[in-house]
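> Quick one, what's the 3D model for this:
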Amino acid sequence: MPQVTWKGVITFGLVSVPVQLYAATEEHSGPALHQVHAKDGSRIRLKRFCEAEEKEVPYSEIAKGYESPDGRQVVLDDEDLAELPLPSKKVVDVLAFVPAESIDPLMFSKAYYVATADKAPAKPYVLLRDALRESGQIAVTKVTMRTRESLAVLRVHEDTLVLQTCLWPDEVRSAQGMAPDEKVTVRPQELKMARSLMDTLSEDFDLSALHDEYQLALQEVIDAKLAGVEAPHLEEQAEGGEAEVIDLMAVLRSSVKAAKGEHGRGTKGGRAAAGSEADAEATDAGASPGDGAAKRTRKAATGRSGAAAKKTAKAPTPAKKSAAKKSAARKAS
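Next comes the predicted model:
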């Protein structure tokens with residue numbers, strides 16, 4: 001079990017829930033790399049050097065400092081930081097309950113599992129969890145961890161409360177000017193083909209099967225260098241020049257065909273993609289989106305009717321058979 005990151009109380013109204021937080025995620029560090037001199041491979045050491053005394057100082061003597069605009073220096077030690085007058089240091093005070101979709105995912109930062117504190121009653125925890133789950137809402141809070149106060153939300157993950165720290169609203173940069181400013185018209189057949197591609201690519205997708213390929217590639221290079229052989233490398237790709245005008249429908253059709261090949265032509269999704277592709281082609285030629293399927297149905301029906309007509313024309317009727325037999329008898333006599 002991971003170490004406790006924070007201990008305190010969640011309060012909403014007069015209800016208090018003693019809790020402790022555990023980090024909910026961990027990042028893969030991969031092979032440990034350190035700084036070396038490229039010339040000879042010797043280690044590079046970072047030393048804490050005091051300018052006034054011109055000597056190295058131990059980490060235990062390091063504090064925080066602030067220099068004011070007029071040049072005055074203020075030193076803040078661990079005790080100063082630990083005694084900041086912040087109510088959110090030991091209390092997660094619920095400010096409001098809002099719909100989950102009202103918080104932009106851009107604001108989300110680090111997640112922590114919320115567990116009940118030692119010997120704390122479970123009912124207040126379960127009450128808050130079930131109320132959030134039933135309402136479909138999340139709780140907006142503030143919490144101070146280490147030396148930073150953060151906006152945070154409380155939400156439910158499976159049967160556990162999760163405290164997710166967030167950026168403050170003014171820390172999210174504006175997206176103004178990022179989207180293309182030119183007027184672009186997306187045709188219905190292009191949108192339909194794009195949706196078909198989305199459906200085909202999403203077949204049998206398993207998020208848990210994904211892994212960090214960078215760490216594997218880095219380990220391969222390290223192993224090759226240790227073995228004294230040439231390290232694997234990525235093939236060089238031609239750099240793109242100026243933006244080219246592309247036939248979007250042609251690219252989408254090729255993408256759907258490629259995706260169908262990967263997922264198998266006999267699947268339901270492959271048949272759906274093929275139908276959407278034919279419909280898009282019909283629409284691209286000026287017909288309505290449903291005309292592709294309609295034409296295929298009419299063609300099949302016409303083919304069956306034509307075949308039946310030919311078969312009927314070839315097969316002689318009983319009357320014709322009888323007349324032919326009489327004519328043959330007269331000639332014989």
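> any idea how far the residue nearest in space to the middle of the chain is from Leu201?
Here the mean C-alpha position of the chain is nearest to the C-alpha of Leu207 (Cα atoms, centre = their mean), at a distance of 9.0 Å. Leu207 sits 13 Å away from Leu201, going by Cβ to Cβ, to the nearest Å. For every residue, glycine as well, the C-beta is placed using N, CA and C.
> What of Val15?
According to Cβ to Cβ, Val15 stands 46 Å off from Leu201.
> And for Glu54?
Counting by Cβ to Cβ, the gap between Glu54 and Leu201 amounts to 62 Å.
> same deal with Met1?
38 Å.
> if we can go back for a sec, what about Val15 and Leu201, which has more around it?
Leu201 (16 against 13; other Cβ atoms under 10 Å).
> check contacts around Ala122.
By Cβ atoms under 8 Å, 6 or more residues apart in numbering, the contact set of Ala122 is Thr116.
> if we go to 10 Å?
Taking Cβ atoms under 10 Å, 6 or more residues apart in numbering as the criterion, Ala122 is in contact with 17, 116, 129.
> Look up the pLDDT of it for me, please.
pLDDT recorded at Ala122 is 93.
> Glu171 touches Leu151, doesn't it?
Yes. Under the criterion of Cβ atoms under 10 Å, Glu171 makes contact with Leu151 at 9.2 Å.
> Among these two, which residue is more densely surrounded?
Counted by other Cβ under 10 Å, Glu171 and Leu151 do not tie: Leu151 has more neighbours, with 19 against 11.
> Contact partners for the closest residue to the more buried one other than its chain neighbours?
Leaving aside its chain neighbours, Leu151 sits nearest to Cys166 (4.4 Å; criterion: Cβ to Cβ, 6 or more residues apart in numbering). Going by Cβ under 10 Å, 6+ apart, Cys166 touches 103-110, 140-142, 150-153, 172.
> for the helix or strand hosting Val156, what is the average pLDDT?
Take DSSP states H and E as the rule and Val156 turns out to sit in strand 148-157. Strand 148-157 comes out with an average pLDDT of 94.
> same question, stretch 8-21
Mean predicted lDDT for stretch 8-21 stands at 92.
> Next, the distance between the ends of that stretch.
Using Cα to Cα, to the nearest Å, the end-to-end distance of stretch 8-21 comes out at 9 Å.
> mind listing what's buried in that stretch?
By neighbour count with 16 or more other Cβ atoms under 10 Å, stretch 8-21 contains the buried residues 8, 10, 12, 17-21.
> and what of stretch 197-214?
For stretch 197-214, by 16+ other Cβ under 10 Å, it's 197, 200-201, 203.
> Out of those, list just those in helices.
Counting by DSSP state H, the buried residues of stretch 197-214 place 197, 200-201 in helices.
> Enumerate the positions of stretch 132-145 that are buried.
By neighbour count with 16+ other Cβ under 10 Å, stretch 132-145 contains the buried residues 132, 137-145.
> just stretch 58-74 next, same as before
Using 16+ other Cβ under 10 Å as the test for burial, stretch 58-74 gives no buried residues.
> what's the answer for stretch 251-264, then?
Buried residues in stretch 251-264 (16+ other Cβ under 10 Å): 252-253, 255-257, 259-260, 263.
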